[in-house]
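give the three-dimensional model of this entry:
(one chain, ligands or ions: 1)
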Amino acid sequence: MAKMLVSVRNVDEAVLALHNGADIIDLKEPGQGALGAVGAEMLAAVQAEIAGRRPVSAVAGDLPMDPAVITPAVQARAAADFVKIGFFPAEREAWEAVCADLAAKTPGIAKVAVFFGEDGVDPDFMPILHQAGFTGAMLDTRTKDGRRLLDHMSLAALRHFVDAASAAGLQTGLAGSLEAPDVARLLPLAPDYLGFRGALTAGERAGELAAEKVKAMSALFKPIMVNEASQTDRVFIRDFVQNMEIGAYGFERGRKQQVRFTIEADVLRVSRQPESMGDVYSYDVMMDAVAQIAERGHTDLVETLAEELAATILADSRVVEVTVRVEKLDLGPASAGIEIRRKCERL
Ligand SMILES: O=C[C@H](O)COP(=O)(O)O
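Purely as a prediction, here's the structure:
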């Protein structure tokens, strides 16, 4: 189960985060950029107060990719359970020099590399991080201009990052102006944690952390309790048209054609007074499933797409039955396709 990382700027916020569901306390100064650092004294004070009840991370700062700058900043934060180091735009050689220096001079400090959605991330760099002694890699945003991580990178690209980092033996995290509806979309990628700041404050990202917002976000990470005898509601997306590579004929290869998707899911009702994202099944998850299938490349059969989509939707324990219709629109005088209905096997 993914954990919730909450960025805090001082002892009071650390305590608030602890008592309202944070799994990881992440120390930074949000008024000083994406990875604005706080001093070693504040880190010591937060560690003393949290007293091992949660891991405490600290950021090294918004720093140039220079080992002579980054290594001392990491060493100064050795009291953290892990130190987050931003990999800001630079030549690959500079990144590798930072890794080599940290490997040589900070062997006892757990380190997490932070990449940024604005720049994308090279999954081939993950094994290099692991060799250099990093324990984790995460994606965040660096501009904090209101755009969310998913505005910069597709779910398929995020999945690729999570899979590559996990395969390299790294813990994975995703962050970047995430909001409550993002949680249901990102949890299926199986990151080790999701990180938040802006969505948990009363106003601006640099404003004060709000207890009720931390608590509400943390509720989205808990398994949803539904009574299997409860009634179902129908959640749907209709007529979602995607350009994609599809078809078993030779002439259908190497080109895209329009495919129309309709998905209707019967979902066990969590509440008759839905108030938060935790009370609902998100139709975003359906649209994401279609978009990811379209992005991965050629598929011969609409039947394959329909079965895969049905299985993806039924993977959520609240879904008891799903109907998936897949139609090719560019074949000629008619649309052609398939509609399947699948039930959850545990019922
Ligand atoms: O490490 C996580 C970040 O502090 C997330 O901040 P944000 O949600 O404001 O982008």
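
helices along the stretch 101-250 of the chain, start to end?
126-131, 149-152, 155-167, 180-186, 211-219 (DSSP state H, counting those that start in this stretch).

how about the first one: buried residues?
For helix 126-131, burial by neighbour count (16 or more other CB atoms under 10 Å) applies to Met126, Ile128, Leu129, His130. Yep, even glycine has a C-beta here, placed from its N, CA and C like the rest.

near the ligand, which residues of the stretch 51-200 of the chain are found?
Counting by CB under 6 Å from any ligand atom, the stretch 51-200 of the chain comes close to the ligand at Asp140, Thr141, Lys144, Ala175, Gly176, Ser177, Leu178, Gly195, Phe196, Arg197, Gly198, Ala199.

ok, for the closest residue to the ligand within the stretch 201-347 of the chain, nearest residue in space, not its chain neighbours?
Per CB to the nearest ligand atom, Arg205 is where the stretch 201-347 of the chain lies closest to the ligand, at 4.6 Å. Among residues not flanking Arg205 along the chain, Gly198 sits closest, at 3.9 Å (CB to CB, 6 or more residues apart in numbering).

against Glu29, how distant is the residue of the stretch 201-347 of the chain closest to the ligand?
11 Å (CB to CB, to the nearest Å).

looking at the two, which has the bigger crowd around it?
Per other CB atoms under 10 Å, whichever of Arg205 and Glu29 has more neighbours is Glu29, with 19 against 16.

how about the more buried one, what does it touch?
Shown in contact with Glu29 (CB atoms under 8 Å, 6 or more residues apart in numbering): Arg9, Gly36, Ala37, Val38.

now do the contacts for the third one.
Looking back up the chat, that one is Ala37. Lys28, Glu29, Ala58, Val59, Ala60, Gly61, Asp62, Ala73, Arg77.

could you chop the chain up by domain?
As given by automatic domain parsing, the domain ranges for the chain are 3-219, 232-343.

returning to that earlier point: can you redo the contacts of Glu29 as TSV with pLDDT and secondary structure?
TSV is the format used below for the contacts of Glu29 (pLDDT from 0 to 100; DSSP: H, G, I helix; E, B strand; the rest coil):
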residue	pLDDT	secondary structure
Arg9	97	coil
Gly36	94	coil
Ala37	95	coil
Val38	94	coil
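
Glu303 and Glu339 touch, don't they?
No. Applying CB atoms under 8 Å, one finds Glu303 not in contact with Glu339, separated by 10.7 Å.

how many other residues sit next to Asp122?
14.

packing partners for the helix or strand hosting Ala306?
In this assignment (DSSP states H and E), Ala306 forms part of helix 302-314. Secondary-structure packing of helix 302-314 (3 or more CB pairs under 8 Å, 6 or more residues apart in numbering; DSSP states H and E): strand 257-268, helix 283-295, strand 319-328, strand 336-343.

give the buried residues for it.
Val302, Leu305, Ala306, Glu307, Leu309, Ala310, Thr312, Ile313, Leu314.

residue contacts, the second one?
Put plainly, it is Leu305. Each residue near Leu305 by CB under 8 Å, 6+ apart is listed here: Ile246, Val259, Ile293, Thr299, Val326.

follow-up on the earlier one: from Glu308, how far out is the residue nearest to Arg205?
For Gly198, the distance to Glu308 equals 34 Å [CB to CB].

enumerate every residue touching the residue lying closest to Ile340 once chain neighbours are set aside.
Distances taken as CB to CB, 6+ apart place Ala306 nearest to Ile340, at 4.8 Å, with adjacent residues excluded. Residues counted as contacts of Ala306 (CB under 8 Å, 6+ apart) are Val324, Arg325, Val326, Ile338, Glu339, Ile340.
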